[in-house]
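Asker: compute the structure for the input listed below.
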Amino acid sequence: MISPFSSRSSFIELIEQEISFANAGKEACIILKLNSLQDEKMIQMLYKASNAGVKIRLLVRGICCLVAGVEGQSVNIYITSVVGRFLEHGRVYIFGNDGKEKMYIGSADWMTRNLDHRIEVITPILDPDVYRTIRNAVQLQLDDEVKARVIDANQENEYVGRSEGESSPLLIYKSIDQ
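Answerer: Now for the predicted structure:
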């Protein structure tokens, strides 16, 4: 996928596919790891998916204009932000695909400027070893209970859990070091 030519339309197709799975009573999920989520059209697509029953898990490090946990709009969306000692800018896009996950990585946040006004490249992850490495890193961030803050409708940004232990950025760093 290349912005500004095909990224938006490709992401919309992937979201629509998850909506189709949910409407058919199948498992449907989306996991996104972004620095920023600002694009109104993509946010509306995520709301549409949430309303169809797609489980959506977002890791958004910075700007997030989507409001999670609102009845009738985004009840199936949960967002956390992990900011730690290590600065990292990974973007990962995972679509459940009825149990056969599709994963992509790239340079584009879901901001209008990234999808419509810049050259950005997104590529599928096809190598099983690379897939496992990236999926493990994403899962560590999804499971973070030290540095993760919940981004909710009240904008309270409370920490997810405990305040001691190793945060996901440190765990990722250690896992790569081995």
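
Asker: which SS class is the residue nearest to the spatial centre of the chain?
Answerer: When C-alpha atoms, centre = their mean is applied to the chain, the residue found nearest the centroid is L32 (1.2 Å). Following DSSP: H, G, I helix; E, B strand; the rest coil, L32 is assigned to strand.

Asker: find the nearest non-adjacent residue to it, please.
Answerer: L58 (5.2 Å; C-beta to C-beta, 6 or more residues apart in numbering). Yep, even glycine has a C-beta here, placed from its N, CA and C like the rest.

Asker: surely E16 forms part of a strand?
Answerer: No - checked against three-state DSSP, E16 lies outside a strand; its state is helix.

Asker: and it, how many neighbours?
Answerer: Using other C-beta atoms under 10 Å, E16 has 14 other residues around it.

Asker: nearest residue to it in space, please, no chain neighbours.
Answerer: Closest to E16 by C-beta to C-beta, 6+ apart is M45, at 8.0 Å.

Asker: who's in contact with the residue nearest to the centre of the chain?
Answerer: 56-60, 92-94, 110 (C-beta atoms under 8 Å, 6 or more residues apart in numbering).

Asker: who's it bridged to?
Answerer: L58, Y93 (DSSP bridges).

Asker: same question, the one 5 residues further on
Answerer: Counting by DSSP bridges, L37 forms beta bridges with C64, W110.

Asker: follow-up on the earlier one: the helix or strand harbouring the residue nearest to E16: which residues count as buried?
Answerer: Using DSSP states H and E, M45 falls within helix 40-52. Within helix 40-52, the residues that count as buried by 16 or more other C-beta atoms under 10 Å are 42-43, 45-47, 49-50, 52.
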